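> just a sequence and a predicted model for now, questions to come.
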Amino acid sequence: MNGRYGSLEAILGRLNMAVEGAGRPLTFMEVCGTHTMAIFRSGLHSLLPAGLRLISGPGCPVCVTSQGDIDALVALADIPHAIVCTYGDMIRVPGSNGSLERARANGADLRVIYSSMDAVKIASENPSRPVVFAAIGFETTAPATAAAIDAAKARSLANFHAYISHKTILPAMHALLSGDASRLDGFLLPGHVSVIIGSEAYRPVVERYRIPCVISGFEDIHMIAALMRLAELASARKVDLENVYPQAVKPLGNPAALALLEKVFRVGDASWRGLGPLPGSALVLNQAYEAFDARRKYALPDTEVPEPAGCRCGEVILGKTTPAECGLFGTVCTPTNPVGPCMVSSEGTCQAWFKYQGTRIPEPSKASA
Amino acid sequence: MCLAVPAKILERNGDEALIDMHGNRMKVSVQITPEAKVGDWLLVHAGFAIQILDEKEAEETWAILADLQEASEESIRPKAGA
Amino acid sequence: MKAESFDQVALAHGGGGQLTDRLLEQVVWPRLSNPLLDELLDSGIIQSIPGRPALTLDSFVVKPLFFPGGDLGRLAVCGTVNDLAVSGARPQGLALGMILEEGLPRGVLEKILDSVSEASREAGVPVITGDTKVVGRGQADGIFLTTAGIGIIPEGRVLHPKKIAPGDVLLISGTLADHGLAVMLARQMPELKSALRSDAAPLNGLIERLLAAVPGVVFLRDPTRAGLAGVASDLAKTTGHLFVLDEKRIPVLPETRHAAEMLGLDPLEVANEGKVFVVVRPEDAQKALEALRGHPYGEKSEIIGRVEKGPARCEILTAIGGRRILQKPYGEQLPRIC
């Protein structure tokens, strides 16, 4: 295959050479769940050299959302006459009292939306009904939430509230690296988060932990090229920050988006599934926007809910455990009956394993040329 | 963690733009891409244009990448500042 | 005396009395008229034709009722005609059951019945009997249709998954996911204007043409809900063979591909209503491809894979030459942002 960026074979060839040249097995982590899914979907694992291991990181917002947050959303859906607006990603995630999907089956008015502005529209069309927007995601998605809340404020929409569980990716990377850094030889960095925060945002991570980082887009060729550069850097024992997705990712990100985030949010603390409480890893509403906070409005307690017994999603998110090592994987926990969020989310590591590699089969038949 | 697709901007009206994605046309917000103009390619995520795509930048980088055997002097590091 | 007109469906229209007669006389019969139905017997009686009778049944609920490229009425005819056709049967007649919600605008019912009529004429399969019920407001969502179909499988024609063997070649009669995405866009993003159209179409003509050219066709199935992924992985499981698909050869329109990408969906998992998945012996593959391509509903047919000895599952060779498992999707297809 010859793309506009040169031949796939050449890039794969260089990747192979670099991995061989490293003289040691290399382990890279793709931080972003959309990368996890794109990598599995392209069958890339079957093309990688034996000395290269790719593990999936914590960048799946559904997977790292704590069970307490899911329970709160389900409770909000039970408020009489309430409309809960959510991205499709969230509706099957099981909380301790069932999922949003189940709340809908029991009569809750749940609307699957594509854009945060749809929730604002629904609120202005239903002024007598409480409307709650389940705001989830990393920096890519947070500006859309900020814009929606800002619009609700401008329109004085008293019935619109957002349940915010936005998280930021850098504290999670710090947590990963300060925990057990030796296992990782490089990070494949998320393209679309980087669109917002900019490539320079990773500089401190690169310098502090001396780990190669390459920002990648989501086309197959982008990801393979990024892996190739990671392998070449690791092989040369060089530490650097590179960007193979410069058409979208600028050094300082998207200033208008960052300004909007600054206007609406401040940094707060969040509890991550798998990583636990991470100070400074959440976006919470600024004082001027607190009136739109569903937690305040509905006086929802911040409760710690234990994760389901036996579920090892937490370790999977950290790349410490492969799904196959979890006792529930493929038997008790399947995409049709998920126990943990990594099996619910289509970009969760467990679902990607189950879906694209088969229950306990580590790999499909080796690719034929 | 974030799906986003490229789309071409056909019309712009304030913070709203009509975009085309290979025969699918819809309105998106250009609130956080204030410089977007008709004819630009945008990256769209959840109803918002999150970036104006710069294909020239991509071509330059990939040209360097293609030449770059091992880690040569030339680099594809993000340009400082800018 | 001219019967009084009405502009929406009332409970009494389902009561079996004069109002029911009025609904049938004014709205239903004029649209579906054919010699068998016009006899107004309690059953539609078809002629005796040599072969094995095949009977099928499907219920249709769709939101919205009208979408680009089709509507509930067209869907209800095509779905049942296609279920008969992929079984090798020549469809002879349809039974149409309607459940109407009190308050349904007459215009909506008329438009849907116009589509039933048009699709049934196109397929050459008349509606030969039917039933109408009305339920109270809130007890249904506008209108639900059920169609049953009867067809005759000619002597000697046997299509069965048991016949599938390693070496067999897999074809698809055109582009995938157009129906499912057109409906999802219409439901989820009504402001989005798309070139995308549902592919809902009666396939009995296409399939007869294929079976005439290649009497040895091994098996046929229409990849409706769960899409190609559902059909291929189910068949792999039933037959115990490895099904290998070649992603590069699977036809998907650019507008479909991009809409799917935007919503985070895999076109292979999305429903089709006018496509047939074909299994033939390797020596018949080319002839089958030509026969399919010679029909307007099969112009974009492709050979997309083969059956191999191996584990009972479906694998796909990806565009970059990788290989992965293709599974049946798990449930409801929802737009995602992640």
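Thanks, I have the structure now. Numbering: from 1, shown residues only, chains lettered A, B, ... in the order given.

> so where do the helices sit in the stretch 151-300 of chain C?
C:178-188, C:204-213, C:227-239, C:254-263, C:285-293 (DSSP state H, counting those that start in this stretch).

> format the ones you listed as CSV; extra columns: mean neighbour count, distance to chain B and mean pLDDT.
All C-beta atoms are positioned from the backbone trio N, CA, C, and that covers glycine. CSV is the format used below for the helices of the stretch 151-300 of chain C (neighbours: other Cβ atoms under 10 Å in any protein chain shown; distance: least, Cβ to the nearest Cβ, whole Å; pLDDT from 0 to 100):
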stretch, mean neighbour count, distance to chain B, mean pLDDT
helix C:178-188, 24, 8, 94
helix C:204-213, 20, 25, 98
helix C:227-239, 22, 19, 97
helix C:254-263, 22, 3, 92
helix C:285-293, 19, 23, 98
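
> identify each buried residue in the biggest strand by length in chain B, please.
Using DSSP state E, we find that the single longest strand of chain B is strand B:5-13. Neighbour-count burial for strand B:5-13 flags B:V5, B:P6, B:A7, B:K8, B:I9 (criterion: 16 or more other Cβ atoms under 10 Å in any protein chain shown).

> mind checking which of the helices of the stretch 151-300 of chain C is nearest chain A?
Taking Cβ to the nearest Cβ, helix C:178-188 is the member of the helices of the stretch 151-300 of chain C nearest to chain A, at 6.3 Å.

> CA atoms of that closest one as PDB?
Provided in PDB are the C-alpha atoms of helix C:178-188 (Å, rounded to 0.1, in the frame of the first residue of the first chain):
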ATOM      1  CA  ASP C 178     -26.600   2.300   3.800                       C
ATOM      2  CA  HIS C 179     -29.900   1.400   5.400                       C
ATOM      3  CA  GLY C 180     -28.800   1.300   9.000                       C
ATOM      4  CA  LEU C 181     -26.900   4.600   8.800                       C
ATOM      5  CA  ALA C 182     -29.600   6.400   6.800                       C
ATOM      6  CA  VAL C 183     -32.100   5.500   9.500                       C
ATOM      7  CA  MET C 184     -29.800   6.300  12.400                       C
ATOM      8  CA  LEU C 185     -28.900   9.700  10.900                       C
ATOM      9  CA  ALA C 186     -32.600  10.500  10.300                       C
ATOM     10  CA  ARG C 187     -33.400   9.500  13.900                       C
ATOM     11  CA  GLN C 188     -30.300  10.900  15.700                       C
END
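
> who's in contact with A:C32?
Going by Cβ atoms under 8 Å, 6 or more residues apart in numbering or on different chains, A:C32 touches A:G57, A:G59, A:C60, A:L188, A:L189, A:P190, A:G191, A:H192, A:V193, B:M1, B:C2.

> at 10 Å what do you get?
When contacts are counted by Cβ atoms under 10 Å, 6 or more residues apart in numbering or on different chains, A:C32 touches A:38-39, A:56-60, A:138, A:140, A:169, A:187-194, A:216, A:218, A:347, B:1-2, C:338.

> okay, and which of these map to helices?
The members of these that map onto helices under DSSP state H are A:A38, A:I39, A:I169, A:G191, A:H192, A:V193, A:S194.

> just give the nearest non-adjacent residue to the last one, would you?
Counting by Cβ to Cβ, 6 or more residues apart in numbering or on different chains, A:V249 is the residue found nearest to A:S194 once chain neighbours are left out, at 4.4 Å.

> I'd like to know how many residues surround the one you found.
Per other Cβ atoms under 10 Å in any protein chain shown, the neighbour tally for A:V249 reads 29.

> got a list of what it touches?
A:V249 makes contact with A:189-199, A:215-217, A:243, B:43, B:51, B:54, B:57, B:78, according to Cβ under 10 Å, 6+ apart.

> roughly how far apart are A:A231 and chain C?
Between A:A231 and chain C the computed distance is 17 Å (Cβ to the nearest Cβ, to the nearest Å).

> that residue and chain B, how far apart?
Between A:A231 and chain B the computed distance is 11 Å (Cβ to the nearest Cβ).

> below-threshold pLDDT in the stretch 1-150 of chain A: ranges please.
Scanning the stretch 1-150 of chain A for pLDDT under 70 picks out A:1-6.

> the helix or strand following the longest strand of chain B to helix C:254-263, inter-axis angle?
Next in sequence after strand B:5-13, counting helices and strands by DSSP states H and E, comes strand B:16-21. If you take axes from the mean of the first three to the mean of the last three Cα atoms, to 10 degrees, strand B:16-21 sits at 120 degrees to helix C:254-263.

> quick one, strands of the stretch 101-250 of chain C?
Under the criterion DSSP state E, counting those that start in this stretch, the stretch 101-250 of chain C contains strands at C:127-135, C:143-153, C:169-172, C:193-194, C:219-221, C:242-246.

> using a markdown table, lay out the ones you listed together with distance to A:L73.
Listed next are the strands of the stretch 101-250 of chain C as a markdown table, based on distance: least, Cβ to Cβ, whole Å:
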| stretch | distance to A:L73 |
| --- | --- |
| strand C:127-135 | 33 |
| strand C:143-153 | 31 |
| strand C:169-172 | 40 |
| strand C:193-194 | 31 |
| strand C:219-221 | 39 |
| strand C:242-246 | 38 |
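
> for C:A213, which of those strands is the nearest?
C:A213 sits nearest to strand C:169-172 of all these, at 12.5 Å, using Cβ to Cβ.

> give me the domain ranges for the chain.
Using chain A. Split into domains by automatic domain parsing, chain A comes to A:2-59+A:182-243, A:63-168+A:253-297, A:313-357.

> oops, chain C please
As given by automatic domain parsing, the domain ranges for chain C are C:11-153, C:161-326.

> do any residues in the shortest one lie close to chain A?
So the one you mean is domain C:11-153. No. On the criterion Cβ under 10 Å from any Cβ of the partner chain, domain C:11-153 is out of touch with chain A, staying 12.5 Å away.

> same thing with stretch C:255-270?
Yes. Against chain A, stretch C:255-270 shows contacts by Cβ under 10 Å from any Cβ at C:E261, C:M262, C:L263, C:G264, C:L265, C:D266.

> just the CA trace of that stretch, in PDB.
The C-alpha trace of stretch C:255-270 is given here as PDB (Å, rounded to 0.1, in the frame of the first residue of the first chain):
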ATOM      1  CA  GLU C 255     -20.600   9.000   2.500                       C
ATOM      2  CA  THR C 256     -21.500   5.800   4.400                       C
ATOM      3  CA  ARG C 257     -17.900   5.300   5.600                       C
ATOM      4  CA  HIS C 258     -17.600   8.900   6.800                       C
ATOM      5  CA  ALA C 259     -21.000   8.900   8.500                       C
ATOM      6  CA  ALA C 260     -20.000   5.700  10.300                       C
ATOM      7  CA  GLU C 261     -16.700   7.100  11.300                       C
ATOM      8  CA  MET C 262     -18.300  10.200  12.700                       C
ATOM      9  CA  LEU C 263     -20.700   8.200  14.800                       C
ATOM     10  CA  GLY C 264     -18.100   5.600  15.800                       C
ATOM     11  CA  LEU C 265     -19.800   2.700  14.000                       C
ATOM     12  CA  ASP C 266     -18.400  -0.100  12.000                       C
ATOM     13  CA  PRO C 267     -20.200  -0.400   8.600                       C
ATOM     14  CA  LEU C 268     -19.800  -4.100   8.800                       C
ATOM     15  CA  GLU C 269     -22.100  -4.200  11.900                       C
ATOM     16  CA  VAL C 270     -24.800  -2.000  10.500                       C
END
